[in-house]
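# Attaching a predicted model along with its sequence, questions to come.
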Amino acid sequence: METSTKQNHDNGQRPLITYPAKYQIHIEGRLDIGWSDRLAGMSITTSGGKDRTAQTTLQGELIDQSALLGVLISLHDLGYAVLHLKYLSKDSQPGGR
């Protein structure tokens, strides 16, 4: 059963993002672009040195907040520190919820 936003607030819960949205995630270290497919197709760019002082930026659209959590868990499991997470925008294309 789907719960409305008002009901979530009445129960002390915050609403979840259940629509496609664009995110940007900054991590410490270098992440090979070959991981893009395993990280929901997010684009991967790295700046800085070739050692662990480099920073990598992942950017892309995820289908919902659960997909975002999956990417963050994968990064954690790989041993990367998340430095910054930014919500960029809601999907505004036709077919987006």
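Yep, it's here.

# Averaged pLDDT, the helix or strand where Gly70 lies. What do you get?
Gly70 is part of helix 65-77, with elements assigned from DSSP states H and E. The predicted model assigns helix 65-77 a mean pLDDT of 96.

# Indicate each strand paired with whichever helix or strand comes after it and its parallel or antiparallel sense.
Once the chain leaves helix 65-77, the next helix or strand it forms, by DSSP H and E, is strand 82-90. The strands beside strand 82-90 in its sheet (DSSP bridges) come out as strand 21-28 (antiparallel).

# how about whichever helix or strand comes after the partner strand: buried residues?
Per DSSP H and E, the first helix or strand lying C-terminal to strand 21-28 is strand 43-47. Residues Ile44, Thr46 are the ones in strand 43-47 that count as buried (16 or more other C-beta atoms under 10 Å). Where C-beta positions appear, they are placed from N, C-alpha and C, glycine not excepted.

# what lines up beside strand 43-47 in the sheet?
With DSSP bridges as the test, strand 43-47 is paired with strand 55-62 (antiparallel).
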